[in-house]
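Participant: This is a predicted model, with the sequence first.
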Amino acid sequence: MSTTPTAPETGPQPRADAPVPPPGVGLPAAPATAAELARVAADRAAGQLAPPAPVRLHDVVPAPAQVRPDPTGDFTLPPDAVLRVSAAGRHVAEQLAAWLRPATGFPLPVTDHAEPGPDAPLTLTLSPAPPARAGDAPADGSPAGDAGPADRVALGEEGYRLDVTATGVRITADTPAGLFHGAQTLRQLLPPAIESVTPVAERWAVPGGIIVDRPRFPYRGAMLDVARHFFGVEEVLRVVDHLARYKLNHLHLHLTDDQGWRIAVDSWPRLAEVGGATGVGGGPGGWYTPDDYRRIVAYAARRHVTVVPEIDLPGHTNAALVAYPELAPGKTAPPPYTGTDVGFSFVDPTDERTYAFVADVFGELAALTPGPWLHLGGDEAFKVPAERYRAFVERAQTLVAATGKTVVGWHQLAPAAHVDGRVLQWWGTNGDDPGTADAVRRGARLILSPGNHAYLDMKYAPDTPIGHDWAGLVDVRRAYDWDPGSHVHGVPVEAVLGVEAPLWTESVTTRAEIEFMMFPRLPAVAELGWSPRSTHDWAGFRERLAGHGPRWTAAGITFHPSPEIPWPHSATAGIPRQPAHGHTDTVA
Ligand code: TNX
C-alpha cells in the first residue's frame, strides 16, 4: 500500500535562476483543453501545499564536502518514476532501485540513456567532471560547507555530484564508485521509512539543492575479527552493507588468531580443518572455503568495498600451531586455546619451514584477493626477542611483497626496514610515538585506528554489557572528536592513508552485538575519513546522526541508543538497551 505521491511536475515552481529542466520535463507549456488546465491548476495547488521534505540536505552522514540547499527544488518521487542510466552505471542504478522498491512499492524500472523513452526523474550519469577552476575549494580542505560557485571540484575516483530539482534527481560521477556513493546519499535524503522492507504510505520527498562531494582520505575501513568468534558469510555481507551506507570502502578481515584459523589454505589443509574448529569460550568455530571468501570479496566489490585479509604473524598463532606442531618453537602442539589472553604464542622464526608456510599462505591468499592489500599482523608477539622479531618481519614483508600485493601491518612493524608501499595500522592511545613517526619518515603510510577513539570493541560506558576498556571508554563523542590528519606527532596528513575502526570479538558473539558495537560509532569514524575537516562539528554531527536512528530501526539494525545523541522518540522505541545474547535480530 502506498499513497499517491505528488507527481514531479506538481512540485513548487523552480526559481528563475534554478537549473533549466531538460526538454520534456516540467509543466506543459500550453495545456490545450479545459480538463488539462484544471489538472495543471490542481497539481500546482497541491505542490504549493506540499510540506517541506522531512530531511534536510545538510543531514547526510558523512557530511558532504559542499552542500547548497534550494528549498524551491524539493522533489517528490512519483510512483511511475524511471531510472535512466548511462551503460557503465547500470549496476548502481539497479542497486538504487533495489533499495527503494520495498518501501515505496514502486516498480522503478531501470532504462538506458541511449534507449528512447521519456526523460526520467532519476538520472545517473557517468561523465568526466569539468576540470577544477582556479580558486575552487579543494574537496579535502577548507573552506567547504555550503556549495558556492566553486562547485566544480574534480570528482575524482569516488566523488559525485547530486542535483535535486522539483523535476528530478541527477547523480553524476566519473566512476561507478562515485555514482554508488551518490546513490547512498540520495537514499539518506529520502524519509527514514525508505528503509522499511514492506511498503509504507509516505510522501517520498527529497530536499532540493546541490551536493558536490568527494572523500578526504582514500582508505576508510572497518575491521571484523572473525577469529575470536567466527561469523558466517551472511553476517559478513551484512557488515559490508553497513560499511557501504557510510561510504567506507575497506573491510579488513582478521582471519587468524590464537582461538581460530578461518580461511582454508589448500597447501596446509589442517590450518582450517583443525585450527578452525575452535573459538573463544569453546564454541564450534568455523572457517571460510575459498568459495565463501570469493563470495564475500565479490559482494563487497559490488559495493565498492575492498577486502583486506589479515594473517596475524608471528604471534597470535596458537591455532596454527595446534594444526602444524612443526611451526611451533618446541615442535610440539600446544593445547587449543579458547581464552582471551594475548601475546603467548608464536611461529618459530628460526625454522625455514616457517617461511615456506608464510609464502604458501600469502601466495594462496593473494590469488584469492583482487584488492591490493595483504595484512600480516605483527602485533603483540611478546615472546619473540626484538631482533628476531625484526628479522622475521623483514622476511615476511618481502614474501608478501613478492605476491605483488602491498604490505599492511600493525604499527609494531615500525622498526623493520621499509618495503615499497608499506602501510602501518596505528592502534596506539598516545599520539607521541617516535617509532611510528620514524617509519613514516622512511616511507610508510598510516592507517589510523587509535584504540581510545576508533576501537569498536571498547565499551561506550561503564555499564556497557560487552566489550573492553583497556583503552578507556569510547562514547560517540570520543569516537568523533579527533583528527586523523594530525593525530600522531610528526606524521603529516600526506602520510595518512585513512582511518579504520576495528571490532575485536572476544565478547561479541552475534550479529546484533556486532551492530550494537558498530552503531552509532561506525558513522562517526566514517565521517572522519570522508568529510573535509572544515565540516567537523560535534554539535552538528549529533543532530545529523540523530536522524539515522529511525533509519536503523526501520532497517532492523540494532544500535546503542547513546544518551549523547538527541534521538527522535521513534528511533529508540523497541531498541533494547542491552544486546541480547543469542539473538540476531532484536528490532521488528
Ligand atoms: C589488542 S590492537 C589486540 C587484539 C585484541 C584487542 C582487544 C591489536 C593489534 N591487538 O589482539 O583483540 O587488543 O581490544
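Facilitator: Structure's in. What do you need? Numbers count the residues shown, from 1 in each chain.

Participant: Close to the ligand: what parts of the stretch 151-300 of the chain are there?
Facilitator: By C-beta under 6 Å from any ligand atom, no part of the stretch 151-300 of the chain sits against the ligand. C-beta: built from backbone N, CA, C; applies to glycine.

Participant: Quick one: the helices in the stretch 151-300 of the chain, in order.
Facilitator: Listed in chain order, the helices of the stretch 151-300 of the chain (DSSP state H, counting those that start in this stretch) span 176-189, 233-245, 270-273, 290-302.

Participant: just these: most buried one?
Facilitator: Burial of the helices of the stretch 151-300 of the chain is given as mean neighbour count (mean count of other C-beta atoms under 10 Å); helix 176-189 ranks first at a mean of 24.

Participant: how far does stretch 537-553 sit from the chain's center?
Facilitator: Stretch 537-553 sits 17 Å away from the centroid of its parent chain (C-alpha atoms, centre = their mean, to the nearest Å).

Participant: again, but for stretch 71-85
Facilitator: The answer for stretch 71-85 is 27 Å, by C-alpha atoms, centre = their mean.

Participant: mind checking the end-to-end distance for it?
Facilitator: 26 Å (C-alpha to C-alpha, to the nearest Å).

Participant: Now the helices of the stretch 151-300 of the chain in a markdown table, please, with extra columns for distance to Val110 and mean pLDDT.
Facilitator: Converted to a markdown table, these look like this (distance: least, C-beta to C-beta, whole Å; pLDDT from 0 to 100):
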| stretch | distance to Val110 | mean pLDDT |
| --- | --- | --- |
| helix 176-189 | 12 | 98 |
| helix 233-245 | 19 | 98 |
| helix 270-273 | 40 | 98 |
| helix 290-302 | 15 | 98 |
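
Participant: As JSON lines, those with distance to Gly156 would be great.
Facilitator: Formatted as JSON lines, these follow (distance: least, C-beta to C-beta, whole Å):
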{"stretch": "helix 176-189", "distance to Gly156": "8"}
{"stretch": "helix 233-245", "distance to Gly156": "18"}
{"stretch": "helix 270-273", "distance to Gly156": "40"}
{"stretch": "helix 290-302", "distance to Gly156": "19"}
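
Participant: now for those, which one comes closest to Ser531?
Facilitator: With C-beta to C-beta as the measure, helix 176-189 is the member of the helices of the stretch 151-300 of the chain nearest Ser531 (12.3 Å).

Participant: Mind giving me the packing neighbours of that closest one?
Facilitator: On a contact count with 3 or more C-beta pairs under 8 Å, 6 or more residues apart in numbering; DSSP states H and E, helix 176-189 meets helix 90-104, strand 122-126, strand 160-165, strand 168-173, strand 209-213, helix 233-245.

Participant: Could you list every helix and strand that the first one packs against?
Facilitator: Think helix 90-104. strand 83-85, strand 110-112, strand 122-126, helix 176-189.

Participant: JSON lines for these, including distance to Tyr293?
Facilitator: Putting the helices and strands packed on helix 90-104 into JSON lines (distance: least, C-beta to C-beta, whole Å) gives the following:
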{"stretch": "strand 83-85", "distance to Tyr293": "31"}
{"stretch": "strand 110-112", "distance to Tyr293": "30"}
{"stretch": "strand 122-126", "distance to Tyr293": "30"}
{"stretch": "helix 176-189", "distance to Tyr293": "22"}
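
Participant: Would you quantify the distance from the residue of the stretch 451-588 of the chain found nearest the ligand to Ala471?
Facilitator: Nearest to the ligand, among the residues of the stretch 451-588 of the chain, is Trp504, at 3.5 Å (C-beta to the nearest ligand atom). In this view, Trp504 and Ala471 are 11 Å apart by C-beta to C-beta, to the nearest Å.

Participant: worst average pLDDT in the helices and strands packed on helix 176-189?
Facilitator: With a mean of 88, strand 122-126 has the lowest mean pLDDT of the helices and strands packed on helix 176-189.

Participant: Parallel or antiparallel, which strands does it pair with?
Facilitator: Strand 122-126 pairs in its sheet with strand 83-85 (parallel), strand 168-173 (parallel), by DSSP bridges.

Participant: would you turn those into a markdown table with mean neighbour count?
Facilitator: Formatted as a markdown table, the strands paired with strand 122-126 follow (neighbours: other C-beta atoms under 10 Å):
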| stretch | mean neighbour count |
| --- | --- |
| strand 83-85 | 25 |
| strand 168-173 | 25 |
